[in-house]
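Participant: Coordinates for the following, if possible.
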Amino acid sequence: MVIMIDTRQRLLDAAADVFAERGYEGATLADIARKAGFTTGAIYSRFRDKAELLLAVVERILESQQDAAVEAATGHDLGALATRFTDADSAAMRSLVLEAHVAARRNPAVGEVLRRFQSERLAALTRTVKEAQSAGDVDPSVDANAVATLFMAIPLGLVLLDAAGVDLPSGTAWTSLAEHTAASLRPDTPSKGSRRAR
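Facilitator: Prediction:
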């Protein structure tokens with residue numbers, strides 16, 4: 001059985017490879033099209049420009065982390081969120097996320113698209129935290145936007161540390177931290193030094 005991959009998917013896969021290998025500035029649409037087996041016309045019929053193509057690649061990555069961020073932000077699994085960004089198999093993913101944010105600093109078009117996308121993700125995650133607060137899963141006294149921002153910042157911070165070659169904590173260390181963090185976000189959980197009863 002022959003499985004046909006659609007043109008858009010082939011272009012995104014090729015773009016991911018080329019952006020990871022050459023960076024945003026070094027990648028050309030001609031190289032991406034060639035790698036995918038198309039002409040640049042195939043790109044322009046689906047994407048406005050290189051900035052939109054980069055964001056489409058990175059969106060797939062960031063959206064794939066959304067479930068883990070939601071779980072972490074609602075007090076369930078910080079370990080899974082961290083592990084997805086420190087796993088050796090996700091080096092290319094981290095490279096692409098870093099490249100998108102570096103390109104955003106240099107290119108106003110990339111910056112605007114990425115800012116809008118990340119703002120939408122933050123708003124959606126904030127709503128999820130508020131829903132968890134209403135359901136009694138997260139302490140209503142904590143600021144939902146601050147919780148959402150923290151759990152978006154963790155993977156991005158890990159990407160930066162990894163790019164700098166910093167040794168990151170083990171999965172066991174993240175799991176232990178996750179347990180403490182989850183406990184601190186739950187309602188009626190006494191913090192250290194607190195006199196509240198459990």
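Participant: Toward the C-terminus, what is the element adjacent to the biggest helix by length in the chain?
Facilitator: Counting by DSSP state H, the longest helix found in the chain is helix 108-134. Later in the chain than helix 108-134, the nearest helix or strand by DSSP states H and E is helix 144-163.
Participant: hmm, back to that, which elements pack onto the longest helix of the chain?
Facilitator: On a contact count with 3 or more CB pairs under 8 Å, 6 or more residues apart in numbering; DSSP states H and E, helix 108-134 meets helix 50-64, helix 66-73, helix 91-106, helix 144-163. Where C-beta positions appear, they are placed from N, C-alpha and C, glycine not excepted.
Participant: what sits against the residue positioned nearest the centre of the chain?
Facilitator: Note on the chain: the residue nearest the mean C-alpha position is residue 62, at 3.3 Å, using CA atoms, centre = their mean. Contacts for residue 62 (CB atoms under 8 Å, 6 or more residues apart in numbering) come out as 97, 117-118, 121.
Participant: Please tabulate those residues in a markdown table, including the columns distance to residue 168 and neighbour count.
Facilitator: A markdown table is the format used below for the contacts of residue 62 (distance: CB to CB, whole Å; neighbours: other CB atoms under 10 Å):
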| residue | distance to residue 168 | neighbour count |
| --- | --- | --- |
| 97 | 15 | 24 |
| 117 | 26 | 16 |
| 118 | 22 | 16 |
| 121 | 23 | 18 |
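Participant: now, which of those sits nearest residue 161?
Facilitator: Nearest to residue 161 among those: residue 97, at 12.5 Å, using CB to CB.
Participant: Chain neighbours aside, what residue packs nearest to that closest one?
Facilitator: Spatial nearest neighbour of residue 97, excluding adjacent residues (CB to CB, 6 or more residues apart in numbering): residue 159 at 5.0 Å.
Participant: again, but for residue 106
Facilitator: Using CB to CB, 6+ apart, the closest residue to residue 106 is residue 25 (7.5 Å).
Participant: what does residue 50 give?
Facilitator: Spatially, and ignoring its direct neighbours in sequence, residue 50 is nearest to residue 29 (5.8 Å; CB to CB, 6+ apart).
Participant: do the same with residue 111
Facilitator: What sits nearest to residue 111 in space, not counting adjacent residues and going by CB to CB, 6+ apart, is residue 104, at 4.1 Å.
Participant: Now name the helix or strand holding the residue nearest to residue 106.
Facilitator: Element membership of residue 25 [criterion: DSSP H and E] is helix 7-26.
Participant: For residue 143, the count of nearby residues, please.
Facilitator: Using other CB atoms under 10 Å, residue 143 has 11 other residues around it.
Participant: swap in residue 160?
Facilitator: So residue 160, with other CB under 10 Å, has 13 neighbours.
Participant: Could you verify my assumption that it touches residue 98?
Facilitator: Yes: Residue 160 is in contact with residue 98 according to CB atoms under 8 Å; the separation is 7.1 Å.
Participant: Helix 108-134 and the helix or strand harbouring residue 173, what's the angle between them?
Facilitator: According to DSSP H and E, residue 173 maps onto helix 171-185. Relative orientation of helix 171-185 and helix 108-134, computed by axes from the mean of the first three to the mean of the last three CA atoms, to 10 degrees: 60 degrees.
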